[in-house]
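>>> fold the stuff below for me.
(one chain, ligands or ions: 1)
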Amino acid sequence: MADTLILTLSCEDRPGITARVTGFLFERGCNILDAQQFNDRSDKDRDRFFMRVAFDPTGTRTDSLRSDFKKLAGEFSMDWKIAAQDRPRRVMIMVSKFDHCLVDLLYRWRTGEINIDPVAIISNHPLETTTDADLGDIPFHYLPVTKESKADQERQVRQVAHDTGAELVVLARYMQIFSDEQSAHFGCRCINIHHSFLPGFKGARPYHQAHERGVKIIGATAHFVTADLDEGPIIHQDVERITHADSAADLVRKGRDIERRVLAEAVRLFTADRVLMNGNRTVVFRG
Ligand SMILES: Nc1nc2c(c(=O)[nH]1)N[C@@H](CN(C=O)c1ccc(C(=O)N[C@@H](CCC(=O)O)C(=O)O)cc1)CN2
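Model (predicted):
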């Protein structure tokens with residue numbers, strides 16, 4: 001439905017949250033279309049409640065819904081958000097020398113598979129060595145980085161993200177490690193595709209690490225970026241079988257398809273407000 005809204009929330013668990021939230025929507029004439037919840041009772045010190053509700057506001061103004069819900073949210077100390085389901089999310093894509101994930105995201109965007117608005121592409125390599133894909137009107141920024149220029153380059157990255165209003169930064173095989181400051185700046189608005197089934201084979205050249213180890217399965221992991229390399233909360237993963245006859249180059253080739261689909265699914269989930277933070281983990285309300 002054109003004006004479906006998505007309410008997502010998390011708070012310390014206690015009885016009555018679902019009743020209060022659904023009652024809030026009912027009292028304002030909203031029609032609930034889909035509701036998912038999860039009670040995380042794995043932490044001995046605190047139970048955490050998570051909820052995602054898709055609803056038709058049936059004419060109720062979003063700003064008044066937000067201001068009214070703020071009171072209820074305060075009562076439960078909720079982290080919460082109300083967003084329009086159909087609004088394309090502004091995404092900045094960062095890439096280095098391998099463009100397969102970038103090209104895949106652009107294809108899925110152009111065909112309407114993922115609801116994004118690509119506002120910028122940044123590479124630490126020149127356009128001609130980054131991709132020969134048609135970028136259309138999407139601004140391309142060549143921001144080279146050296147040990148000496150890293151701080152300034154990261155400042156430029158932050159500036160582009162600010163100036164374009166990027167809501168999500170996607171590291172589509174961007175092969176530079178974010179400083180602690182850069183990781184903290186983007187927080188859980190930055191998704192990386194790591195080309196291994198984490199926590200296995202963190203860091204550089206994971207396919208070569210895997211080949212050396214003689215694995216029989218390879219994978220890819222989309223995760224939020226944190227200061228700890230490849231340790232961020234995992235959003236989505238997938239795997240493929242390989243054999244003893246596969247070379248490291250075979251693993252790289254076979255891995256590309258896994259990376260593409262895992263990153264695209266993570267972007268789809270995030271831009272549909274289906275990913276909620278749960279400490280060093282995520283809650284993903286699939287749909
Ligand atoms: N702070 C973080 N930064 C980045 C993360 C992360 O989780 N936290 N993910 C990486 C992506 N990545 C693996 O997925 C990765 C990228 C780069 C390296 C690495 O060793 N890079 C070298 C330079 C390599 C080159 O110039 O080709 C380095 O930065 O010294 C390891 C893993 C993105 N950033």
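>>> separation between residue 207 and the ligand?
11 Å (C-beta to the nearest ligand atom, to the nearest Å). Glycine gets a C-beta too; all of them are placed from N, C-alpha and C.
>>> where does residue 147 land on pLDDT?
pLDDT for residue 147: 96.
>>> and for it, the neighbour number?
Counted with other C-beta atoms under 10 Å, residues neighbouring residue 147 total 6.
>>> where does the stretch 51-200 of the chain have low pLDDT?
Of all residues in the stretch 51-200 of the chain, none has pLDDT under 70.
>>> Three-state assignment for residue 120, please.
Judged by DSSP: H, G, I helix; E, B strand; the rest coil, the three-state class of residue 120 is strand.
>>> ok, so what distance separates it from the ligand?
17 Å.
>>> so who does that residue touch?
By C-beta atoms under 8 Å, 6 or more residues apart in numbering, the residues touching residue 120 are 92-93, 138-141, 160-161, 164, 166.
>>> list just the nearest of those residues to the ligand.
Using C-beta to the nearest ligand atom, residue 93 is the member of the contacts of residue 120 that lies nearest the ligand, at 13.1 Å.
>>> relative to residue 23, how far out is residue 32?
11 Å (C-beta to C-beta, to the nearest Å).
>>> what parts of this structure come near the ligand?
171, 174-178, 183, 192, 194, 203-204, 225-227, 229-230, 232 (C-beta under 6 Å from any ligand atom).
>>> report the buried members of the residues you listed.
Listed as buried from the residues of the chain next to the ligand are 171, 174, 176, 178, 183, 192, 194, 225-226, 230, 232; burial here means 16 or more other C-beta atoms under 10 Å.
>>> and the helices in the chain?
17-27, 62-76, 100-110, 127-130, 150-164, 180-186, 206-213, 248-271 (DSSP state H).
>>> now these as CSV including distance to residue 87?
CSV is the format used below for the helices of the chain (distance: least, C-beta to C-beta, whole Å):
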stretch, distance to residue 87
helix 17-27, 20
helix 62-76, 11
helix 100-110, 14
helix 127-130, 29
helix 150-164, 16
helix 180-186, 20
helix 206-213, 35
helix 248-271, 9
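>>> among these, which is nearest residue 219?
For those, the distance to residue 219 is smallest for helix 248-271, at 6.1 Å, taking C-beta to C-beta.
>>> now intersect the contacts of residue 120 with the strands, please.
Secondary structure assignment by DSSP state E places 92-93, 140-141 of those in strands.
>>> just the buried ones out of the residues you listed, please.
92-93, 141.
>>> ok, how many other residues are close to residue 132?
By other C-beta under 10 Å, neighbour count at residue 132 equals 10.
>>> now it: how far from residue 102?
11 Å.
>>> equivalent analysis for residue 264, please.
11 Å.
>>> so which of these two has more stuff around it?
Neighbour count, other C-beta under 10 Å: between residue 264 and residue 102, residue 102 has more, with 26 against 23.
>>> residues contacting the more buried one?
Contacts of residue 102 by C-beta under 8 Å, 6+ apart are 93, 95, 121, 130-131, 133, 172-173.
>>> run a quick neighbour tally on the residue nearest to residue 213 when sequence neighbours are not counted.
Residue nearest to residue 213 in three dimensions, not counting chain neighbours: residue 201, with 7.8 Å by C-beta to C-beta, 6 or more residues apart in numbering. By the criterion of other C-beta under 10 Å, residue 201 has 23 neighbours.
>>> so residue 201 makes contact with residue 211?
No: between residue 201 and residue 211 there is no contact under C-beta atoms under 8 Å: 10.1 Å.
>>> residue contacts, the nearest residue to residue 252 once chain neighbours are set aside?
With C-beta to C-beta, 6+ apart as the measure, residue 207 is the residue that lies nearest to residue 252, at 5.0 Å, once sequence neighbours are left out. Applying C-beta under 8 Å, 6+ apart, one finds that residue 207 lies in contact with 195-196, 218, 248, 251-252, 255.
>>> burial of residue 31, as a residue count?
Each residue near residue 31 was counted by other C-beta under 10 Å, and the total is 12.
>>> for the residue lying closest to it once chain neighbours are set aside, give me its contacts.
With sequence-adjacent residues excluded and distances taken as C-beta to C-beta, 6+ apart, residue 31 is closest to residue 56, at 4.4 Å. Residues counted as contacts of residue 56 (C-beta under 8 Å, 6+ apart) are 1, 3-5, 30-31, 33.
>>> out of those, list just those in strands.
Per DSSP E, the contacts of residue 56 map to strands at 5, 31, 33.
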